[in-house]
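Chemist: kindly generate the corresponding structure for this input.
(2 chains)
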There are 2 protein chains.
Amino acid sequence: MGNVSPGNAPIGVFDSGVGGLTVFREIMRQMPNERIVYFGDTARVPYGSKSRDTIVRYSRQIVRFLLTRQVKTIVVACNTASAYALDDLEKEFDVPMIGVVKPGAKVAAKASRNGRIGVIGTEATIGSSIYSQYIEALKSDAAISGKACPLFVPLVEEGLWEDPVTEEIARRYLAELIDIDIDTLILGCTHYPLIRSTIGKIMGPDVTMVNPAYETAQELKQMLAETGLLNSEQPGLGRDSYQFYVSDKADKFIHFANSIIKYGILSAKQINIEEY
Amino acid sequence: MGNVSPGNAPIGVFDSGVGGLTVFREIMRQMPNERIVYFGDTARVPYGSKSRDTIVRYSRQIVRFLLTRQVKTIVVACNTASAYALDDLEKEFDVPMIGVVKPGAKVAAKASRNGRIGVIGTEATIGSSIYSQYIEALKSDAAISGKACPLFVPLVEEGLWEDPVTEEIARRYLAELIDIDIDTLILGCTHYPLIRSTIGKIMGPDVTMVNPAYETAQELKQMLAETGLLNSEQPGLGRDSYQFYVSDKADKFIHFANSIIKYGILSAKQINIEEY
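Modeler: Now for the predicted structure:
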């Protein structure tokens, strides 16, 4: 990076695969001046069905890789990795980090009127109870109910964003949350905003849906401003400002990424993450 | 292993996760005297959506691990790994190996009367065209049609073996194979035998379904007999004859494994496969 100022270094963003691109997209929108390095662990995706130790080990390798890209901060753009690895990573590494869980919990605690909040996510995220812990710390009388929805990610990746099958599966997963009359639902997996309309149709208009990506980008911006790390250059942002790395072949990633980010991701570079 | 005879060494069987247990089950049935060491790469599952290079790298690590368990032969009990990695593995390692693709292709070529054969499998397996290559070598006038069915594995792992949703998804995937009037369908992924009745309902009684697991166990038995490697002991087989290793936490594996193998798998050991 030579003699550039620290604020002009890129933001590192990582996820188990493509889902974190919904967070990338929010950062891009809210901070159009920032450079971003994105890493998707496409060779080991998904994380959501795996154990804490494995998720921590994988996340640690990714942070080590991102640090070689001279990032100024790291966004853990994966609910499962935020749930299980963020605390360990923050202790181990010196770079400022932010996950998606805390911002999501904060906005849900604020949004809920009746205190009954639902969280949907991967098996690992729901099993961690992390959203409950954060929400209860903010709103001690809240009643939080988690529901793992393991088929949502494959359905999203199959492109069935609005489809009777996705609707039927969503109806089954969400029934128990409707029964207990939640008024707020956290989309606790970065894939889920892509089927927001299907989920919303089932939950009905009275349930507030929380997409942690939006709030995460907000908090990130505030954190960068407070630490003097916002980009002060006018970098004339173009494709060069965004770099994409993956642990498996790039083509499939590029195809899916382009369906999320209307930007034209022209290239992604494959690296061997096990070496980090 | 000390001074035991080579035939009494275990058979190594591996898969990306739990699917290969349908092959394990066949070997157990057909060769009740054999010890088996099973490895499921649950930390990196699935393979079916990943690239050739990644699948070869992972498979190589697994073979290295199995060799530390003194196996006398290795069964690649995963269609995707058989499709992409078996050739490389056979060149690299000295131990006799067998995959599931060749036996499956052989039985399908024999079974088909009209020469129109369908293959269903993961994106990677279908993308490799490996079944076509093997079948055409045996039956040059055969017309082979492949269809990737990426949602089948998650549906099986969610336990929806007989369910309207699985049926609807199967109807969509299989429509094009019904249209071209295949008379033989290869279940080209080790998970698929578990939804055989759903697939059979859609294909109708005139389509022969081929489960490569059965034929693989047959060929394995023949190979062991020819090379003098069948177990000659009467090992008084019990739980000790079967060892299970996984790359992620064992509990989930054990739960699913017990739903496939009515045997009572009491324990599985987690190892760090990246070290091999």
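Chemist: residues in contact with the most centrally placed residue in chain A?
Modeler: The residue lying closest to the centre of chain A (C-alpha atoms, centre = their mean) is residue A:77, at 3.1 Å. The contact partners of residue A:77, taken as C-beta atoms under 8 Å, 6 or more residues apart in numbering or on different chains, are A:13-15, A:19-20, A:22-24, A:100, A:190, A:213, A:216. (Glycine included, C-beta is placed from N, CA and C.)
Chemist: now, which of the residues you listed lie close to chain B?
Modeler: Applying C-beta under 8 Å from any C-beta of the partner chain to these, one finds that nothing falls near chain B.
Chemist: now, among those, which is nearest to chain B?
Modeler: Distance to chain B across the contacts of residue A:77 (C-beta to the nearest C-beta) is lowest for residue A:19, with 14.0 Å.
Chemist: the closest residue to residue A:188 other than its chain neighbours and chain B, how far apart?
Modeler: Counting by C-beta to C-beta, 6 or more residues apart in numbering or on different chains, residue A:121 is the residue found nearest to residue A:188 once chain neighbours are left out, at 3.4 Å. If you measure residue A:121 against chain B using C-beta to the nearest C-beta, to the nearest Å, the figure is 15 Å.
Chemist: hang on, residue A:121 packs against residue A:153?
Modeler: No - counting by C-beta atoms under 8 Å, residue A:121 stays clear of residue A:153, with 10.1 Å between them.
Chemist: what do these two both touch?
Modeler: Common neighbours of residue A:121 and residue A:153 (criterion: C-beta under 8 Å, 6+ apart): A:48, A:189.
Chemist: between the two, who's got more neighbours?
Modeler: Taking other C-beta atoms under 10 Å in any protein chain shown, residue A:121 and residue A:153 do not tie; residue A:121 has more neighbours (30 against 24).
Chemist: list the contacts for the residue nearest to residue A:188?
Modeler: The neighbours of residue A:121, taking C-beta under 8 Å, 6+ apart as the test, are A:48, A:79-80, A:131, A:146, A:148-149, A:186, A:188-189, A:192.
Chemist: mind listing what's buried in stretch A:79-87?
Modeler: A:79-86 (16 or more other C-beta atoms under 10 Å in any protein chain shown).
Chemist: got those as a markdown table, with pLDDT columns?
Modeler: Formatted as a markdown table, those follow (pLDDT from 0 to 100):
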| residue | pLDDT |
| --- | --- |
| A:79 | 97 |
| A:80 | 97 |
| A:81 | 98 |
| A:82 | 98 |
| A:83 | 97 |
| A:84 | 97 |
| A:85 | 98 |
| A:86 | 98 |
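Chemist: chain B next: which of those residues are close?
Modeler: Within the buried residues of stretch A:79-87, nothing lies near chain B by C-beta under 8 Å from any C-beta.
Chemist: ok, so what distance separates the nearest residue to residue A:128 once chain neighbours are set aside from chain B?
Modeler: The shortest distance from residue A:128 to any non-neighbouring residue, by C-beta to C-beta, 6+ apart, is to residue A:83 (4.1 Å). Distance of residue A:83 to chain B, computed by C-beta to the nearest C-beta: 15 Å.
Chemist: distance from the chain centre to the host helix or strand of residue A:83, please.
Modeler: Assigned by DSSP states H and E, residue A:83 belongs to helix A:79-84. Offset of helix A:79-84 from its chain centre (C-alpha atoms, centre = their mean, to the nearest Å): 9 Å.
Chemist: which strands and helices lie in contact with it?
Modeler: Packed against helix A:79-84 by the contact rule (3 or more C-beta pairs under 8 Å, 6 or more residues apart in numbering or on different chains; DSSP states H and E) you find helix A:52-68, strand A:97-99, helix A:101-111, helix A:123-128.
Chemist: mean pLDDT per helix and strand in chain A: which one sits at the bottom?
Modeler: Sorting the helices and strands of chain A by mean pLDDT, DSSP states H and E puts helix A:250-260 at the bottom, at a mean of 88.
Chemist: any residue of that one up close to chain B?
Modeler: Yes - shown here: helix A:250-260 in contact with chain B (C-beta under 8 Å from any C-beta) through residue A:252.
Chemist: now do stretch A:138-151
Modeler: Yes - Stretch A:138-151 is in contact with chain B by C-beta under 8 Å from any C-beta, via A:150-151.
Chemist: contacting residues around that stretch?
Modeler: Residues external to stretch A:138-151 that are found in contact with it (C-beta under 8 Å, 6+ apart): A:48-49, A:105-106, A:109, A:112, A:115-123, A:125-127, A:129, A:131-132, A:135-136, A:169-170, A:173-174, A:176-177, A:180, A:182, A:188-189, A:192, B:154-155, B:157-158.
Chemist: residue A:122 reaches residue A:47, doesn't it?
Modeler: Yes - assessed by C-beta under 8 Å, residue A:122 is found in contact with residue A:47 at 7.3 Å.
Chemist: can you list residues touching both of those two?
Modeler: Residues touching both residue A:122 and residue A:47 (C-beta under 8 Å, 6+ apart): residue A:80.
Chemist: got a list of what residue A:189 touches?
Modeler: Each residue near residue A:189 by C-beta under 8 Å, 6+ apart is listed here: A:19, A:48, A:79-80, A:120-122, A:125, A:149, A:152-153.
Chemist: switch to 7 Å and redo it
Modeler: Residues near residue A:189 by C-beta atoms under 7 Å, 6 or more residues apart in numbering or on different chains: A:19, A:48, A:79, A:121-122, A:125, A:152-153.
Chemist: equivalent analysis for residue A:244, please.
Modeler: With contact set as C-beta under 7 Å, 6+ apart, residue A:244 has these partners: A:38, A:265, A:268.
Chemist: separation between residue A:227 and residue B:263?
Modeler: Per C-beta to C-beta, to the nearest Å, residue A:227 is found 57 Å from residue B:263.
Chemist: cool, and residue A:142?
Modeler: From residue A:142 across to residue B:263, the span is 45 Å (C-beta to C-beta).
Chemist: with neighbour numbers in mind, choose between the two.
Modeler: Taking other C-beta under 10 Å, residue A:142 and residue B:263 do not tie; residue A:142 has more neighbours (19 against 14).
Chemist: which element is residue A:186 on?
Modeler: Assessed by DSSP H and E, residue A:186 sits inside strand A:184-187.
Chemist: buried set for that strand?
Modeler: Using 16+ other C-beta under 10 Å as the burial criterion, the residues of strand A:184-187 that qualify are A:184-187.
Chemist: remind me what that strand packs against, helices and strands.
Modeler: Strand A:184-187 sits against helix A:101-111, strand A:116-121, strand A:208-210, with contacts defined as 3 or more C-beta pairs under 7 Å, 6 or more residues apart in numbering or on different chains; DSSP states H and E.
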